[in-house]
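here is the input, now give the coordinates:
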Amino acid sequence: MSKLGALHLTKHTGPKHTATVIYFHGSGSNGEDMREWVRLMVKNFSFPHIKVMFPTAPLQPYTPAGGQLSHVWFDRADISIDAPEKLESISSIEKEVRNLIKQENEDGIPSERIIVGGFSMGGALSFHTGYRWDRNLAGVFIFSSFLNDNSVVYKDLKGIGGAKIPPLLQVHGDIDDLVPAKWGQVTYERLKDIGVNGEFHILERLGHSLNRRGMNIIKEWIEKHLPEI
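Just a heads-up that it's a prediction; the model follows:
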């Protein structure tokens with residue numbers, strides 16, 4: 001039985017579903033809130049051939065919230081680039097994410113036609129998904145997130161040689177007081193040095209939040225990497 005909460009969808013608007021986007025929410029949120037937040041930013045965040053999935057994280061104790069129950073993808077010692085990763089907690093969500101992708105594969109959507117992305121903690125989950133668990137994905141997009149300095153993502157990528165690596169899009173607000181833009185930039189540069197191709201956008205006068213410009217950048221990038229077929 002899945003540990004995930006409710007799954008919310010934005011269905012494809014055309015006659016044929018040929019690609020999928022999985023959009024992971026931030027800590028303490030849920031799939032429904034993420035879908036509505038995205039709709040507020042971009043009223044037409046829908047595609048003729050792409051289904052957008054907004055899953056909900058399991059309800060579990062979250063250390064940065066004093067151990068209170070929260071909808072989070074995994075636990076963290078602290079919201080800090082210097083904190084060690086809780087690998088056991090990250091591993092516990094791997095099966096659920098793999099199952100989401102597997103279900104799409106079984107419905108006729110190969111990994112090469114799937115993009116994963118997310119906001120804040122959902123972005124961190126997307127790094128692990130696209131650069132550890134399924135490197136055949138069409139791409140990874142990140143809004144206001146980072147990897148810990150000692151992240152296993154860096155270690156795993158260094159060991160794959162010339163294997164395929166999904167392209168990366170990162171966007172980050174320049175006045176983010178929860179996840180400083182510098183953390184996002186450091187993450188991007190380290191991944192780039194390992195061999196990840198991508199682009200990084202700094203959004204002026206934006207804190208730890210989505211905004212219309214950032215979502216439009218993501219929408220255009222999705223359309224580029226998941227064209228109609």
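
and the host helix or strand of W37, how far from the chain's centre?
Taking DSSP states H and E as the definition, W37 sits inside helix 31-41. Per C-alpha atoms, centre = their mean, to the nearest Å, the displacement of helix 31-41 from the mean C-alpha position of its chain is 15 Å.

check stretch 8-24 too.
A distance of 16 Å separates the centroid of the chain from that of stretch 8-24, by C-alpha atoms, centre = their mean.

poorly predicted segments of this protein, please.
By pLDDT under 70, the weakly predicted segments of the chain are 1-2, 161-162.

give me that answer again for 50
1 (pLDDT under 50).

packing partners for the helix ranked longest in it?
If you go by DSSP state H, the chain has its longest helix at helix 87-106. If you count contacts as 3 or more C-beta pairs under 8 Å, 6 or more residues apart in numbering; DSSP states H and E, helix 87-106 packs onto strand 19-24, helix 121-128. Every residue, glycine included, has its C-beta placed from N, CA and C.

let me have the ones you listed in a markdown table, extended by mean neighbour count and distance to D82.
Compiled in a markdown table, the helices and strands packed on helix 87-106 are given as follows (neighbours: other C-beta atoms under 10 Å; distance: least, C-beta to C-beta, whole Å):
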| stretch | mean neighbour count | distance to D82 |
| --- | --- | --- |
| strand 19-24 | 26 | 23 |
| helix 121-128 | 26 | 15 |
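
which one of these lies closest to E228?
Among the helices and strands packed on helix 87-106, strand 19-24 comes nearest to E228, with 8.4 Å by C-beta to C-beta.

who does that closest one pair up with?
The pairing partners recorded for strand 19-24 under DSSP bridges are strand 50-54 (parallel), strand 114-119 (parallel).

can you tell me the element the residue nearest to G117 when sequence neighbours are not counted falls in?
Nearest non-adjacent residue to G117, counting by C-beta to C-beta, 6 or more residues apart in numbering: F141, 3.4 Å away. Per DSSP H and E: F141 is located in strand 139-143.

quick check: what element follows that strand along the chain?
Next in sequence after strand 139-143, counting helices and strands by DSSP H and E, comes helix 152-158.

extract the CA atoms of that following helix and return them as CSV.
What follows is helix 152-158, C-alpha atoms only, in CSV (Å, rounded to 0.1, in the frame of the first residue of the first chain):
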residue,chain,number,x,y,z
VAL,A,152,24.9,11.3,-2.1
VAL,A,153,23.6,12.8,-5.4
TYR,A,154,27.1,14.2,-6.1
LYS,A,155,28.8,10.9,-5.2
ASP,A,156,26.4,8.8,-7.3
LEU,A,157,26.8,11.0,-10.4
LYS,A,158,30.6,10.9,-10.2
